[in-house]
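S.K.: Give me a 3D structure for the following:
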Amino acid sequence: MKMQLRIVSIALFLMLFCWIGLAGAAEPKHVRRLLKKGECEDCKLAQADLKGAELGGALLSGSNLNGADLTGADLRQADLRATNLSNAVLRGADLRGADLSRAKLRYANFHQADLRDIDLGDTTLNEAWLCRTVMPDGSLSNRDCVRVH
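M.R.: Model prediction:
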């Protein structure tokens, strides 16, 4: 009886763990829509692999991109208003002219990203990681180079 209870407990734990993991993952249909149409507002794109994606002018307002990999992505003039970019990797991404007003940027990695002329509105880069990052005014920030790997 104890062994059966233990097996059932482990099985339930594993099912819950898998369910929690899937709940935060990107919706494949949302990723396809974004890559095909260049728009996906209020979409579930958390942890999506969007490395090198051509998303210039994309409409992404309100989307969840928490933990997404946008390394080298073209996000010029993208509408990223009120998006969750926390923990996202934007290494080498081009965000020139993008609208990031009201975006969540906690621990977003902007290593070697180009942020010239972005609209931050009330959003700050205080909790984002900046290393060799071209700032909105064209200056270079190396604030977090020690922390970025």
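
S.K.: remind me which residues of the protein are low pLDDT?
M.R.: 1-24, 147-149 (pLDDT under 70).

S.K.: now the strands for it?
M.R.: 133-134, 140-141 (DSSP state E).

S.K.: could you list every residue that touches the residue lying closest to Cys43 once chain neighbours are set aside?
M.R.: Among residues not flanking Cys43 along the chain, His30 sits closest, at 4.0 Å (Cβ to Cβ, 6 or more residues apart in numbering). Quick note: C-beta positions are derived from backbone N, CA and C, even for glycine. Contacts of His30 were listed using Cβ atoms under 8 Å, 6 or more residues apart in numbering, and they are 40, 43-45, 48, 63.

S.K.: From those residues, pick the one nearest Leu95.
M.R.: Proximity of those to Leu95 (Cβ to Cβ) peaks at Ser63, which lies at 14.9 Å.

S.K.: show me the residues around the residue lying closest to Leu100 once chain neighbours are set aside that make contact.
M.R.: When the adjacent residues along the chain are set aside, Leu100 lies closest to Leu80, with 5.0 Å between them (Cβ to Cβ, 6+ apart). By Cβ under 8 Å, 6+ apart, the contact set of Leu80 is 60-61, 95, 98-100, 103.

S.K.: what's the spacing between Leu80 and Leu65?
M.R.: 8 Å (Cβ to Cβ, to the nearest Å).

S.K.: count of neighbours near the residue lying closest to Leu140 once chain neighbours are set aside?
M.R.: In space, and not counting its chain neighbours, Leu140 is closest to Val134: 6.1 Å by Cβ to Cβ, 6+ apart. A count of nearby residues for Val134, using other Cβ atoms under 10 Å, gives 19.
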